[in-house]
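> okay, predicted coordinates and the sequence, questions at the end:
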Amino acid sequence: MNEKTLKDLALISSIIGIFLLSTINYYQEPSLVNISQINSSLINKEVEISANLYSIKETPGLYLLTFHDNNGSISAIIYKEENLTFQKNTTYLVKGKVIRYKSYLEIQASSIKK
Amino acid sequence: MITLFLALFLGILIGIFTGITPGIHTNLVAVIILSSLFLRNQQPEILIIFIVSLSITHTFLDSIPSIYLGAPDSDHVMSILPGHKYFLEGKAYEAFILTLIGSLSAVIISIIFFLPLIYLIKNYYLLIYNYIPYILIFSLLILLLKERYKFTTLVIIFLAGILGISVLSLNLNQPLLPLFSGLFALPSLILSLSQKTELKEQIITFPVIKIKELTITLFLGLFSSILSGTLPGLGPAQAASLVDSIKKIKQDYYLVLTGSLNTFIMIISFFTLYAIDKARNGSVVAISELVNNFSYSYLLLALSVSLAASGIAVLISIKIAKKFSILISKINYKLLSIIIILFITALTIYLTNLIGLLILLTAACLGLFVNLKGISRSNLMACLIIPVIFYYLL
């Protein structure tokens, strides 16, 4: 082994590593985050939270839900595309995209499961 | 996507800084990360990329202070003599390249064998769980038997153990910061202030590596890293000592071994977090506290970041080592040491108040005695090993 071989090996490692990093990130499942970790850098990104359902509001087209965890609270909307039932004070796994509504961040949920 | 690469490169940059700065251990950086509100609010992927790239880069460069300045951190206590000997012969660059080869090989081997390694850790941990205290006692005995001054070493192990038990029962936020900084970082820095070393002109030569010897060394390193990565209290220095007691290793390959151990243990600690949900070092503690669930996809992310960061770290550190070899005689090392001593003391007071300062001073006195008496500093790891033994036995 000489210096050139070591450098070549290092270069190949970094290229493969960066390629894998990009690929894994692209195919990665939404990350489980605390509510306090949801900030404007996550707008339009998929996230998952595990939180307690605090309040439920229903409109003709959607549910507006408020979730709490130990670190904060956030609203989530889910469209009435199927029959959905929710129970207050129950912990749900909420998966969806972070969006800005007026000046607040909320989750446009794609699935809400116990 | 840009944020991910920013986190990667920022981690590498900070890892370079912490690696080449004597006395700054990744555990210290982890403490700073955990106390940073800004980082706590970042996405888990960003945090993993940042912490992993920082930690891996650190393991590639942290042999620089031990080789060039004779001031190792706790992970490199065993490599100080061979590494610094190369420096005194004007071949510091060669010594550094040996540790670098060890580190890069460790990343590649860990990634190639990551599935069997995870399987082994999952099953082996259950198998040895009940024997952990006895294995730790055995490893302390091995360390003791290697020493020339056995009675004094026994007293040191006993004192370090009592200090560890006392500090860990104080209910401090960051008990390991003053304890490790006092035992390992401050004594080398203080002693270096009183040393007058005539610096020989450094030459840039590449070491001759035999693949067979390299392979044997790396697999011995992997074996002991699995032990060290899963057993609480056993660090790279103790692992190197154990390997050396199994098979006498030539000086060149000993540096490859110490370089590989540090990196192996870091990567195996990611496996350990994933497989058995145990955090074995500061960086992994930071990940486990900031990320809710270290899933399989996070593990793959950590491995790809390790590979990317290691490649970049090698390319950068070769340049840094060459510059260091030229500049070493021009650096005001004493001033640098004083600044680092003040920084560690200030950080200790800030994070752990005056009780932390008391621990720092007590630990530093014990560390200084061990250094002056010529006893291996790895015996001071009894400050963690003995509390762990008590934890399992009582």
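Received it, and whenever you're ready, just let me know what you need.
> what pLDDT does B:Leu34 get?
In this prediction, B:Leu34 carries a pLDDT score of 68.
> over to B:Lys322?
pLDDT recorded at B:Lys322 is 90.
> what are the phi and psi values for it?
Dihedral pair for B:Lys322: phi -60, psi -40, per degrees, to the nearest 10.
> and the closest residue to it other than its chain neighbours, what's its pLDDT?
When the adjacent residues along the chain are set aside, B:Lys322 lies closest to B:Ile204, with 6.2 Å between them (C-beta to C-beta, 6 or more residues apart in numbering or on different chains). Where C-beta positions appear, they are placed from N, C-alpha and C, glycine not excepted. pLDDT recorded at B:Ile204 is 85.
> measure B:Ile204 to A:Tyr26 for me?
B:Ile204 sits 41 Å away from A:Tyr26, going by C-beta to C-beta, to the nearest Å.
> more neighbours: which of these two?
More crowded of B:Ile204 and A:Tyr26, by other C-beta atoms under 10 Å in any protein chain shown: B:Ile204, with 14 against 8.
> now do the contacts for the more buried one.
B:Tyr93, B:Lys322, B:Ser325 (C-beta atoms under 8 Å, 6 or more residues apart in numbering or on different chains).
> likewise B:Lys85?
Contacts of B:Lys85 by C-beta under 8 Å, 6+ apart are B:Gln251.
> and it, what element?
Taking DSSP states H and E as the criterion, B:Lys85 maps to helix B:80-88.
> for A:Ile74, same thing?
Taking DSSP H and E as the definition, one finds A:Ile74 inside strand A:72-79.
> what pLDDT, on average, does that strand get?
Strand A:72-79 comes out at a mean pLDDT of 90.
> do that strand and chain B come into contact?
No. Strand A:72-79 is not in contact with chain B by C-beta under 8 Å from any C-beta of the partner chain; minimum separation 10.4 Å.
> who does that strand pair up with?
Counting by DSSP bridges, the strands paired with strand A:72-79 are strand A:62-69 (antiparallel), strand A:104-113 (parallel).
> please save the CA atoms from that strand in PDB.
Output in PDB follows, covering the C-alpha atoms of strand A:72-79 (Å, rounded to 0.1, in the frame of the first residue of the first chain):
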ATOM      1  CA  GLY A  72     -45.700  21.000  22.700                       C
ATOM      2  CA  SER A  73     -48.800  20.900  20.700                       C
ATOM      3  CA  ILE A  74     -49.700  21.000  17.000                       C
ATOM      4  CA  SER A  75     -52.800  20.900  14.800                       C
ATOM      5  CA  ALA A  76     -53.300  18.200  12.200                       C
ATOM      6  CA  ILE A  77     -55.900  18.100   9.500                       C
ATOM      7  CA  ILE A  78     -57.100  14.900   7.800                       C
ATOM      8  CA  TYR A  79     -59.600  14.800   4.900                       C
END
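> show me which residues of that strand are buried.
Neighbour-count burial for strand A:72-79 flags A:Ile74, A:Ser75, A:Ala76, A:Ile77, A:Ile78 (criterion: 16 or more other C-beta atoms under 10 Å in any protein chain shown).
> list the buried residues in the strand or helix carrying B:Leu100.
In this assignment (DSSP H and E), B:Leu100 forms part of helix B:92-112. Buried residues in helix B:92-112, counted by 16+ other C-beta under 10 Å: B:92-111.
> near chain B, which residues of chain A?
Residues of chain A found near chain B (C-beta under 8 Å from any C-beta) are A:1-3, A:6-7, A:9-18, A:20-22, A:24-25, A:28-29, A:31-34, A:36-37, A:39, A:41-42, A:45, A:50.
> ok, B:Leu191 touching B:Val370?
No. With contact defined as C-beta atoms under 8 Å, B:Leu191 does not reach B:Val370; the gap is 10.9 Å.
> those two: which has the busier surroundings?
B:Val370 (24 against 16).
> what pairs with the lengthiest strand in chain A, parallel or antiparallel?
Identified as the longest strand of chain A according to DSSP state E is strand A:46-58. Strand pairing for strand A:46-58, using DSSP bridges, gives strand A:31-32 (parallel), strand A:62-69 (antiparallel), strand A:91-101 (antiparallel).
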